[in-house]
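Participant: What shape does this take:
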Amino acid sequence: MLILTGCENKTNNTSKKVQINSTPTIFFHGGGSSYKAEEHMVQAAEKAGVTKSVLRAEVSKTGKVTLVGTWSKNAENPICEVNYEDNRQLDFNKHATYATNVVKALQKKYKLKKINMVGHSLGNISIIYYMLRNGNNKKMPQIQKQVDIAGHFGGLTFDGIPNSIKQPNGMKLNSMGKPNKMNSTYKQMTGVRELYLKKHVKVLNIVGDVGDKTDGRVDNISTLSLQYLVSGGNSSYRVLKINGKNAQHSKLHENAQVDQALIKFLWNK
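Facilitator: Take a look at the predicted model:
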């Protein structure tokens with residue numbers, strides 16, 4: 001677990017607003033993790049010449065956001081790496097608060113109008129719940145593209161987790177990705193369907209399969225249940241399946257195939 005010292009929490013929030021014309025991309029890490037899990041993908045983007053502008057958003061347990069670093073006025077495809085202090089939070093509505101506060105902090109300083117988002121594992125919940133809370137809010141930046149990696153939308157099969165996020169026994173998906181059984185958080189997430197229909201968000205869903213239709217932590221069926229949430233009508237949705245040992249859940253954010261797909265999808269490089 002990464003603990004940041006006080007000397008690292010430097011920011012320049014007192015400076016005047018900067019207008020960023022390029023669409024920023026915000027990365028959210030998984031459960032029990034940190035922004036370090038995002039760095040391989042971000043560094044791949046830097047090596048590909050996509051961007052030279054990266055800052056970090058530190059989010060406290062109470063949701064207070066501290067920006068570490070800055071973006072210049074002419075920043076091209078700027079990136080924000082998010083770091084949650086409460087990195088095992090299973091109240092998904094708090095992820096809505098955390099993600100919203102990150103975007104508000106960036107908006108306050110950089111006058112954002114549009115954003116992209118990338119999530120791994122639990123980080124995908126921040127994206128869905130940001131949309132659930134802000135998809136109809138004209139004052140908040142709207143998602144243009146999102147990349148979901150190893151998401152557990154339909155639930156998890158771990159012992160000792162709340163029923164609200166457990167994957168129901170015998171869950172199956174129809175041709176639209178709709179589960180025949182839904183836990184309470186998935187039912188709540190279905191509220192984004194009409195938002196994705198209206199907003200034309202482009203979505204890339206990356207699924208890992210080490211064998212037996214699982215990435216070793218999350219069943220593929222749970223990850224693929226994203227389709228029903230986002231692919232209604234006019235939205236653009238596609239799936240990339242990664243196979244083999246490097247498709248393991250915690251290896252997907254350090255997978256060259258994932259890096260290449262992400263860069264091409266987000267920035268057409």
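
Participant: quick one: stretch 50-57 to chain centroid distance?
Facilitator: With C-alpha atoms, centre = their mean, to the nearest Å as the basis, the distance from the averaged C-alpha position of stretch 50-57 to the chain average is 16 Å.

Participant: which secondary structure element contains A261?
Facilitator: For A261, the host element (DSSP states H and E) is helix 256-267.

Participant: quick one: buried residues of that helix?
Facilitator: Neighbour-count burial for helix 256-267, with 16 or more other C-beta atoms under 10 Å as criterion, is recorded at 258-259, 261-263, 265-267. Heads up, the C-betas are built off the backbone N, CA and C, glycines and all.

Participant: next one: stretch 181-191
Facilitator: For stretch 181-191, burial by neighbour count (16+ other C-beta under 10 Å) applies to 182-183, 185-186, 188-189.

Participant: Span of that stretch from start to end?
Facilitator: One end of stretch 181-191 sits 16 Å from the other (C-alpha to C-alpha, to the nearest Å).

Participant: mean confidence score for it?
Facilitator: Over the span of stretch 181-191, the pLDDT mean works out to 98.

Participant: Same check on stretch 251-269?
Facilitator: Averaging pLDDT along stretch 251-269 yields 95.

Participant: cool, and stretch 28-45?
Facilitator: Averaging the model's pLDDT scores along stretch 28-45 yields 97.

Participant: just to revisit the earlier point, same for the helix holding A261, what does it pack against?
Facilitator: Using 3 or more C-beta pairs under 8 Å, 6 or more residues apart in numbering; DSSP states H and E as the contact test, the elements touching helix 256-267 are helix 39-47, strand 114-120, strand 142-149, strand 202-209, strand 236-243.

Participant: Let's see that with 7 Å instead.
Facilitator: Taking 3 or more C-beta pairs under 7 Å, 6 or more residues apart in numbering; DSSP states H and E as contact, the helices and strands that helix 256-267 lies on are helix 39-47, strand 142-149, strand 202-209, strand 236-243.

Participant: Now do the longest helix along the chain: distance to the chain's middle.
Facilitator: Counting by DSSP state H, the longest helix found in the chain is helix 92-110. Averaging C-alpha positions (C-alpha atoms, centre = their mean) puts helix 92-110 13 Å from its chain's average.

Participant: the inter-axis angle of it versus strand 142-149?
Facilitator: Direction vectors for helix 92-110 and strand 142-149, defined by axes from the mean of the first three to the mean of the last three C-alpha atoms, to 10 degrees, enclose an angle of 130 degrees.

Participant: Closest to T100 out of the buried residues of helix 256-267?
Facilitator: Using C-beta to C-beta, the shortest approach to T100 within the buried residues of helix 256-267 belongs to L266, at 21.4 Å.
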